[in-house]
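*Asks:* sequence first, then the predicted structure, then my questions.
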Amino acid sequence: MLRRAFFERDPLTCARELIGCELLWDQCVGMIVETEAYNARGDEACHCFVRPSTRAFVERNRAGAAYIYFNYGVHWMLNVLVKGAERGFVLIRALEPTRGLALMRKRRRVDDVRQLCSGPGKLTQALAITRQHDQMDLCSDPRFCFSARPADSKFEVVADERIGIRRSAELRWRFTLRASGFVSRPVKASRALTC
DNA sequence: ACACGGATACTA
DNA sequence: AGTATCCGTGTC
């Protein structure tokens, strides 16, 4: 289980290093293959830029808290609060499912493994994540937490532009596992950086 | 390409 | 109360 110290670092560092880690959510598990970083300060795409309630969330909660909100009137989004020198959020955007596939298929009503968690709204539906999990501490309950990358493995991470935003759109703060077939959208090769 | 549809934070 | 905006998905 990832300790709180992992999340007591900058959003960019946490977002990059979460690639290859697992998200454990009750009966279901998936490897994280896509994340995005949002800085509380100086990042116009972060909710903190326009929402006082989100700024209050940052003050009120410790690093490792789940920040969950409803988007486009349809989908729940799972973020993790991080607090280093820079504070902000990591949006969990896609998983490669590894356990609990049958339950995910039932909730998503699709069979294709690549369609289960290949998007921030898809994965919350597959894992049954809703408002009730907002502010949950993801560093204390082994049923709802992150697990570290296997020590002996190597993960190549690619950065490109964040998806679907208008402000601060040029920042390459989306991180994906290289060549993963489980991401929400293909990497924009012309803008991608290996990191 | 476009419909879907709710929370939040504005304007009055 | 009315309006603009929003880190998406599924189906057309």
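*Replies:* Here it is on my side, so go on.

*Asks:* run me through the strand neighbours of the worst-scoring helix or strand of chain A on mean pLDDT, direction for each.
*Replies:* When the helices and strands of chain A are compared on mean pLDDT, DSSP states H and E, strand A:193-194 comes out lowest with a mean of 92. According to DSSP bridges, strand A:193-194 has the following sheet partners: strand A:157-160 (antiparallel).

*Asks:* quick one: contacts for A:Arg99?
*Replies:* With contact taken as Cβ atoms under 8 Å, 6 or more residues apart in numbering, A:Arg99 is in contact with A:Gln27, A:Cys28, A:Val29, A:Gly30. Every C-beta, even on glycine, is put in place using the N, C-alpha and C of the backbone.

*Asks:* tell me how far the ends of stretch A:18-30 are from each other?
*Replies:* One end of stretch A:18-30 to the other measures 12 Å (Cα to Cα, to the nearest Å).

*Asks:* I meant stretch A:60-80, not that one.
*Replies:* With Cα to Cα as the measure, stretch A:60-80 spans 14 Å from end to end.

*Asks:* now do the buried residues in that stretch.
*Replies:* Neighbour-count burial for stretch A:60-80 flags A:61, A:63-69, A:76-80 (criterion: 16 or more other Cβ atoms under 10 Å).

*Asks:* for those residues, which one is nearest A:Arg16?
*Replies:* A:Val80 (13.3 Å; Cβ to Cβ).
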